[in-house]
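[1] Kindly return the folded structure for what I paste below:
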Amino acid sequence: MKITLNPDKETVKLIKEGLERTGGYCPCLRIKNEDTKCMCKQFREQIKDPEFEGFCHCMLYYKQK
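    Reported below is the predicted structural model:
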């Protein structure tokens with residue numbers, strides 16, 4: 001398993017700016033709690049699945065098998 005940043009530098013820049021504005025919470029979600037703190041609970045659960053390969057929903061991280 002390998003987790004990397006999105007290779008699109010502009011996407012990474014925009015998401016990181018959003019994270020800065022929200023205090024580290026996913027800028028794609030309105031709810032701010034421990035489940036939406038980056039790296040969000042949804043992606044943490046996805047990466048536990050050995051068959052999952054893909055981006056987190058905000059497109060910042062990518063998990064390779």
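[2] From now on I want contacts and neighbour counts done on CA atoms only, so please keep to that.
    Noted.
[3] Packing partners of the lengthiest helix in the chain?
    Secondary structure of the chain read by DSSP state H shows that its longest helix is helix 9-22. Using 3 or more CA pairs under 8 Å, 6 or more residues apart in numbering; DSSP states H and E, no helix or strand is in contact with helix 9-22.
[4] what's next to whichever helix or strand comes after that helix, contact-wise?
    Sequence order places helix 41-48 as the next helix or strand after helix 9-22, per DSSP states H and E. Defining contact as CA atoms under 8 Å, 6 or more residues apart in numbering, one finds that helix 41-48 is touched by 34-35, 52-53, 56-57, 63.
[5] average pLDDT across stretch 49-65?
    For stretch 49-65, the mean per-residue pLDDT is 96.
[6] Put together a markdown table for the contacts of helix 41-48, with neighbour count and secondary structure on each row.
    Listed next are the contacts of helix 41-48 as a markdown table, based on neighbours: other CA atoms under 10 Å; DSSP: H, G, I helix; E, B strand; the rest coil:
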| residue | neighbour count | secondary structure |
| --- | --- | --- |
| 34 | 11 | helix |
| 35 | 15 | helix |
| 52 | 14 | coil |
| 53 | 16 | coil |
| 56 | 18 | coil |
| 57 | 14 | coil |
| 63 | 19 | strand |
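[7] hmm, back to that, may I see the buried residues of the longest helix of the chain?
    Across helix 9-22, burial judged by 16 or more other CA atoms under 10 Å covers 12, 15-16, 18-19.
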